[in-house]
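Participant: Sequence and predicted structure are below.
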Amino acid sequence: MTTKRIVITGIGATTPLGGNATDSWDNLLAGKSGASRLEQPWAEELELPVRFAAQAAVPTADILDRREVKRLDPSSQFALIAAREAWQDAGAPEVDPERLLVDWATGIGGVWTLLDAWDTLREKGPRRVLPMTVPMLMPNGPAAAIGMDLGARGGERTVVSACASSTESLANAYDHLQAGLADIVVAGGSEAAIHPLPLASFAAMQALSKRNDDPAIASRPYDVDRDGFVLGEGAAALIVETEEHAKARGARIYAELLGGAVTSDAYHITAPDPEGSAAARAMRAAVENGGASLDDVVHVNAHATSTPVGDIAEYNALRRVFGAHLDDIAVTATKASTGHLLGGAGAIEAAYTALALHHRVIPPTINLDNQDPEIPLDVVTTPRELGSGDLLAISNSFGFGGHNAVVAFRSY
């Protein structure tokens, strides 16, 4: 089978850094943080040990109409906003509905709908539970919302692989297009889990930073004082299509999606394999399956959640893959600015990787004051220009359950 070139033609996002992709990118380059104190009464009433998060910069109610807000879980609301922007950014292409496919992702799904409905049932009885509760809480709700909005009849697929979810969706999109199942795939992920229960649970497992006094500096990947991640919310969408299809309609191309790969640790439900062998295998496959050389990789958007164990495990995997060449690779950890969007993290980081290649500038990692000597990476802390020529980059995502997903991009 002839290998097709797969490209990115549209990007959309709503994140803690901005209500659209442009603002999110500009604020990332400016070194801003999306983390802030939670002003909701429940944060204090429930005595949560962590009372801050990286909340969406623009409320969904400011963008969507009232009916959409009422009938969609926040995870689907974020998804719809990002997908609509990406679609318009791609030029709102005319495509046979049966050749348009959605491959979306979430780590948790409609947690707000589920828990609000449970509270309603207990406090007010079954007659007050909304009829749309189940469609709203389903993990495939975001994919369905996008599919109905764009009229996609080629399939509405949903990946739920914890924090690797939306990177896996992009890897799937690549495979769908190579297999000829679609002409265009809308791929990405969303998460809306800034709710007391996930916050309490993540805090109980010592996964979250507890820097309540200064949220903006709480997420600090690779720093010796890192103490956990900052929970984020939002979504990102990428329009993915064959180069042939994109060129035929005169589309602007951000980058080539060179390939993707998925592996698993089979090690522990929450902890990564400290040796990083399966994660390394995913990185290698994402590059080599696309016919490229590991020595051509110049940039990595790392998973880098700011947890003491996770950051070192990823470094071990990177060193296993790239060896001495790792010293020549510019690494950035954008969760320092956005927080950790769980199932949506991979999509926004893939978007940032494609934009880095398109604009030929690597966004910075903020809050790195004292780099851990056990992680001797070339971490970009101020925007850094990328050179000219053919450039390769990868974006890593790893999730609870030992899920590993990596996508590789080439400048176009």
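Facilitator: Now that the structure is in, tell me what you want to look at.
Participant: wait, what's in contact with the nearest residue to Arg211 once chain neighbours are set aside?
Facilitator: In this structure, Arg211 finds its nearest non-sequential neighbour in Ala218, 3.9 Å apart by C-beta to C-beta, 6 or more residues apart in numbering. From N, CA and C alone the C-beta is placed, and that goes for glycine too. Applying C-beta atoms under 8 Å, 6 or more residues apart in numbering, we find Ala218 in contact with 35, 52, 209, 211, 227, 230, 306, 367.
Participant: got any ranges where the chain has weak pLDDT?
Facilitator: Where the chain drops to pLDDT under 70, the residues are 1.
Participant: Next up, the contacts around Glu168.
Facilitator: Here Glu168 is in contact with 105, 159, 161, 260, 262, 346, 397, 403, 405 (C-beta under 8 Å, 6+ apart).
Participant: got it, and Leu199?
Facilitator: 48, 50, 53, 208, 231.
Participant: Same list, those, but as CSV with neighbour count and secondary structure please.
Facilitator: Compiled in CSV, the contacts of Leu199 are given as follows (neighbours: other C-beta atoms under 10 Å; DSSP: H, G, I helix; E, B strand; the rest coil):
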residue, neighbour count, secondary structure
Leu48, 17, coil
Val50, 22, coil
Ala53, 27, strand
Leu208, 28, strand
Leu231, 28, strand
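Participant: closest to Glu314 among the contacts of Glu168?
Facilitator: Of all the contacts of Glu168, Ser397 has the smallest distance to Glu314: 10.3 Å, by C-beta to C-beta.
Participant: which SS state does the closest one fall under?
Facilitator: strand (DSSP: H, G, I helix; E, B strand; the rest coil).
Participant: show me what contacts it?
Facilitator: Counting by C-beta under 8 Å, 6+ apart, Ser397 touches 163-168, 303, 345-346, 349, 404-406.
Participant: run the last query once more with 10 Å
Facilitator: Contacts for Ser397 (C-beta atoms under 10 Å, 6 or more residues apart in numbering) come out as 105, 161-168, 170-171, 189, 262, 279, 282, 301-303, 343, 345-347, 349-350, 403-407.
Participant: try Asn20
Facilitator: Taking C-beta under 10 Å, 6+ apart, one finds 11-14, 26, 57-58, 63, 81-82, 85, 89 in contact with Asn20.
Participant: Out of those, which sit inside helices?
Facilitator: 26, 81-82, 85, 89 (DSSP state H).
Participant: I'd like these written out as CSV, with neighbour count and distance to Val380 added.
Facilitator: Output for the ones in helices among the contacts of Asn20, formatted as CSV (neighbours: other C-beta atoms under 10 Å; distance: C-beta to C-beta, whole Å):
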residue, neighbour count, distance to Val380
Asp26, 13, 17
Ile81, 26, 29
Ala82, 34, 25
Glu85, 23, 26
Asp89, 20, 25
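Participant: For this protein, which segments count as helices?
Facilitator: Under the criterion DSSP H, helices of the chain are mapped to 21-29, 41-45, 66-71, 74-89, 111-124, 133-137, 141-150, 165-178, 196-204, 243-248, 277-288, 308-322, 335-338, 345-359.
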